[in-house]
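Following is a predicted model, sequence given first.
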Amino acid sequence: MNSVPANPGGPRPDAALAAAMCRHFANGMVPVDFEDGATLVNLNAPVDYLPLLLSGRGLAVRSFQGVDVPVGEVGPGALLGLEGVCGTGRHGMTVKALGPVRAAMVPREAFLDTIRTNPEAGLLAFTVLGTRLRACINSTADLKFRDATSRVARYLLETLTNGPEDTGTGTPCEGRLPFPKKTLAVHLGITQQSLSRVLNRLRDIGVTVLGGRIRVADSEHLAALATGEGGE
């Protein structure tokens, strides 16, 4: 069968990394479609298959006192199960679909055979793991050094654009929040009340939230807040 091309949209990894992952690991794989809210992988489930995201995105969660706590997002190019395939052999978290998701199911043995015989594929897998590690480090730094306003601004910027480098004077952008505000607050390490206060303040710079839709009138101004310092 023909390989399934990656969708370059969505959060990191970027388009080039997503295409490279598909080139090495999705050949001959039959795509599987998941509906919004569907579980892509389960915490502690055996890593028999590694879903390779082709389009759409997912939310990685861990259970804490019976509540699903978001720990990160995955997008096109993500190969779920990398952390466990060579370790415990089990998934380290649950990942749920944020909207429709298409994935190629890569058998564990096929993945291992590929990285054994193809050094470039093995290096790529380590690159993906490194990208996730940097994301975890950045998230930890955000919780320690950034105030609530800069955390929210940075998240919105990365969700609606390609980050600060994709902004310009007067550049508007809009999209959909990937999950409810209550979940977003937990994801950002702030209270729901703090999130509401920040969003109310951001109205002054043209950030509007209607239900799950959000629009930013000037992404450059939002980028300035995303890099700001100071406490709430």
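Yes, it's here.

okay, CA-based contacts and neighbour counts for the rest of this
Fine.

okay, and for this protein, where does confidence drop off?
Applying pLDDT under 70 to the chain picks out residues 1-15, 17-18, 28, 63-69, 131-145, 161-171, 228-232.

90 instead, please
Under the criterion pLDDT under 90, the flagged ranges of the chain are 1-31, 36-37, 52-79, 81-89, 92-93, 96, 98-99, 106, 109-196, 199-232.

quick one, what contacts the residue minimising distance to the centre of it?
The centre of the chain sits closest to Glu73, judged by C-alpha atoms, centre = their mean, with a distance of 2.3 Å. Neighbour list for Glu73: Pro11, Arg57, Gly58, Leu59, Ala60 [criterion: C-alpha atoms under 8 Å, 6 or more residues apart in numbering].

that's a strand at the last one, yeah?
Yes: counting by DSSP: H, G, I helix; E, B strand; the rest coil, Ala60 falls inside a strand.

so how far is Val95 from it?
Applying C-alpha to C-alpha, to the nearest Å, the value for Ala60 to Val95 is 4 Å.

cool, and the third one?
Taking C-alpha to C-alpha as the measure, Gly58 falls 6 Å from Val95.

just the second one next, same as before
In this view, Arg57 and Val95 are 10 Å apart by C-alpha to C-alpha.

Which member of the contacts of Glu73 is positioned nearest Cys22?
Cys22 lies nearest to Arg57 out of the contacts of Glu73, by C-alpha to C-alpha, at 15.4 Å.

For the closest one, which non-adjacent residue is closest in space?
Excluding its sequence neighbours, the residue lying closest to Arg57 (C-alpha to C-alpha, 6 or more residues apart in numbering) is Gly75, at 4.3 Å.

residues near the one you found, how many?
The burial count assigned to Gly75 is 26, neighbours taken as other C-alpha atoms under 10 Å.

The one 4 residues further on now?
The number of residues packed around Leu79, counting by other C-alpha under 10 Å, is 26.

what's near enough to touch it?
By C-alpha under 8 Å, 6+ apart, the residues touching Leu79 are Leu50, Pro51, Leu52, Leu53.
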